[in-house]
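# Below is the structure, and that's it, no one-letter string:
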């Protein structure tokens with residue numbers, strides 16, 4: 001019988017670069033995009049693909065830190081949504097994709113240390129949930145897969161507008 005923590009990490013892997021039943025993974029949705037395409041703002045008031053790619057690892061890192069037992073201060077808007085480069089280059093775009101990959105891999109490494117018995121133990125109040133006992137590792141790990149696929153859907157729509 002597979003451990004629940006292993007199943008959760010498998011869902012995160014599927015959402016990131018596997019074959020989730022809901023549609024293309026985050027990485028598949030990003031495949032083949034150029035820096036110029038990723039930097040466009042085709043929808044007024046919406047983030048660019050690049051900004052989304054910079055945002056996702058912020059929250060992967062937050063979850064990694066919380067799972068490791070760290071208490072974090074609130075994120076400033078500029079930390080939650082880092083700005084894309086003023087003059088986008090392919091090298092910058094590839095570096096952003098590499099940072100996304102690295103944050104994902106770090107999350108999987110930290111997530112693998114969470115025992116099944118700890119999945120339902122609240123991590124304590126934090127800036128994202130200051131009332132009550134805080135989120136559990138179970139909720140946070142599910143949230144990562146949801147976050148990946150939520151933004152994959154946004155990226156899929158933005159891709160149509162920049163194609």
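That came through fine. All figures in this text were calculated on a predicted structure; none of them were measured in a lab.
# Give the buried residues for the helix or strand bottoming out on mean pLDDT in the chain.
Sorting the helices and strands of the chain by mean pLDDT, DSSP states H and E puts helix 77-80 at the bottom, at a mean of 93. Of the residues in helix 77-80, none has enough neighbours to count as buried (16 or more other Cβ atoms under 10 Å). Every C-beta, even on glycine, is put in place using the N, C-alpha and C of the backbone.
# any weak-confidence spans in the protein?
Counting by pLDDT under 70, the ranges of the chain that qualify are 1, 128-132.
# tell me which element the residue most central in space within the chain falls in.
Against the mean C-alpha coordinate of the chain, by Cα atoms, centre = their mean, the closest residue is residue 56 at 3.5 Å. In this structure, residue 56 is located in helix 49-67 according to DSSP states H and E.
# ok, now residue 159?
Taking DSSP H and E as the definition, residue 159 sits inside helix 137-162.
# Give me the distance between that helix and the centre of its chain.
With Cα atoms, centre = their mean, to the nearest Å as the basis, helix 137-162 stands 7 Å off its chain's centre.
# now stretch 56-67
For stretch 56-67, the distance to the chain centre is 8 Å (Cα atoms, centre = their mean).
# Show me which parts of that stretch are buried, residue by residue.
Taking 16+ other Cβ under 10 Å as the basis for neighbour counts, the residues of stretch 56-67 that come out buried are 56-57, 59-67.
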